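Trainee: Need a 3D model of the following:
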Amino acid sequence: MGADENGLFPGELGAREYIFIMNSDYNEGADYNDENWGPEADVIYAIWPKNRGNRTYLSNQFTWDILYNRPHTPEDFYTFSTAAVIEGDVRHARNDVEKINVFPNPYYAENQLEVRRNQRFVTFTYLPKKFTLRIFTLSGNLVRTLTEADKAGLNEQFLNWDLENEHGFKVGSGMYIAHISMPEFNKTKVVKLFIIQAAEILRFY
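Mentor: Alright, predicted model coming up:
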């Protein structure tokens with residue numbers, strides 16, 4: 001077969017994939033077509049790997065260079081703004097309690113926030129200033145009761161449970177139910193938590 005109008009033979013360019021990161025808001029590719037070469041369009045980043053020689057497409061290790069078409073200059077300035085902290089708004093507080101949750105869930109032998117071998121915990125979030133949090137087994141046995149006094153601070157929305165029962169023993173692996181009552185809002189929330197404890201390895205015996 002002969003060459004096409006561009007002087008290229010069929011299959012000479014090989015299989016290719018295109019990735020274009022536009023400078024403007026995404027509009028389903030309306031600003032780019034076959035007559036509009038990528039780097040000349042409204043493109044910040046452009047990536048198009050292709051075959052080279054007789055190498056199988058993407059079978060070998062390679063490096064992609066991403067070139068920025070519009071570099072920053074000393075004349076560029078950026079501004080950032082945030083919303084003010086809302087305090088004492090009952091309506092917002094009521095909405096926040098709907099977001100109460102716990103992480104990591106499931107707890108699989110460890111928490112990335114743990115910094116010591118004997119420090120195990122999960123964190124409850126979006127807790128109000130006053131609450132009672134009771135943790136039960138699936139059979140209904142009460143494991144632990146926690147209140148706002150167990151938080152790190154009065155204005156904290158987070159509470160860490162050290163995975164211990166009322167007597168200071170680590171709880172076993174399994175499903176647990178956390179019941180949070182909030183008398184200030186006359187509301188309750190139930191959260192399910194699955195715990196998988198790590199195997200105990202005795203350092204001294």
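Trainee: And this protein, what are its domain boundaries?
Mentor: 1-84, 93-196 (automatic domain parsing).
Trainee: from these, which stretch is densest packed?
Mentor: Highest mean neighbour count of these: domain 93-196, a mean of 15 (counted as mean count of other C-beta atoms under 10 Å). C-beta here means a position set from N, CA and C on the backbone, and glycine is covered the same way.
Trainee: just the helices in this protein please.
Mentor: 90-97 (DSSP state H).
Trainee: Tell me where it has strands.
Mentor: Using DSSP state E, the strands assigned to the chain run over residues 19-22, 43-47, 101-103, 107-108, 122-125, 132-137, 142-147, 159-161, 174-182, 187-196.
Trainee: now the ones you listed as a markdown table including mean pLDDT and distance to Tyr78?
Mentor: Listed next are the strands of the chain as a markdown table, based on pLDDT from 0 to 100; distance: least, C-beta to C-beta, whole Å:
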| stretch | mean pLDDT | distance to Tyr78 |
| --- | --- | --- |
| strand 19-22 | 73 | 19 |
| strand 43-47 | 72 | 16 |
| strand 101-103 | 90 | 32 |
| strand 107-108 | 88 | 40 |
| strand 122-125 | 91 | 31 |
| strand 132-137 | 94 | 42 |
| strand 142-147 | 93 | 43 |
| strand 159-161 | 90 | 36 |
| strand 174-182 | 93 | 41 |
| strand 187-196 | 91 | 39 |
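Trainee: Format those as CSV; extra columns: distance to Arg91.
Mentor: Formatted as CSV, the strands of the chain follow (distance: least, C-beta to C-beta, whole Å):
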stretch, distance to Arg91
strand 19-22, 40
strand 43-47, 42
strand 101-103, 20
strand 107-108, 33
strand 122-125, 19
strand 132-137, 22
strand 142-147, 24
strand 159-161, 23
strand 174-182, 14
strand 187-196, 13
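Trainee: Among these, which comes closest to Val115?
Mentor: Across these, Val115 has its closest neighbour in strand 159-161 (12.3 Å, C-beta to C-beta).
Trainee: So what are the sheet partners of that closest one and their directions?
Mentor: In the sheet, strand 159-161 lines up against strand 122-125 (antiparallel) (DSSP bridges).
Trainee: For the partner strand, output the C-alpha coordinates as PDB.
Mentor: Extracted as PDB, the C-alpha positions of strand 122-125 are listed here (Å, rounded to 0.1, in the frame of the first residue of the first chain):
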ATOM      1  CA  VAL A 122     -11.000   4.500  65.900                       C
ATOM      2  CA  THR A 123     -12.300   8.000  65.600                       C
ATOM      3  CA  PHE A 124     -16.000   9.200  65.700                       C
ATOM      4  CA  THR A 125     -16.600  12.400  63.800                       C
END
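Trainee: what does it contact?
Mentor: For strand 122-125, contacts defined as C-beta atoms under 8 Å, 6 or more residues apart in numbering pick out 99-105, 107, 111, 113, 133, 157-161, 163, 178, 180, 191, 193, 195.
Trainee: All good on my end, thank you.
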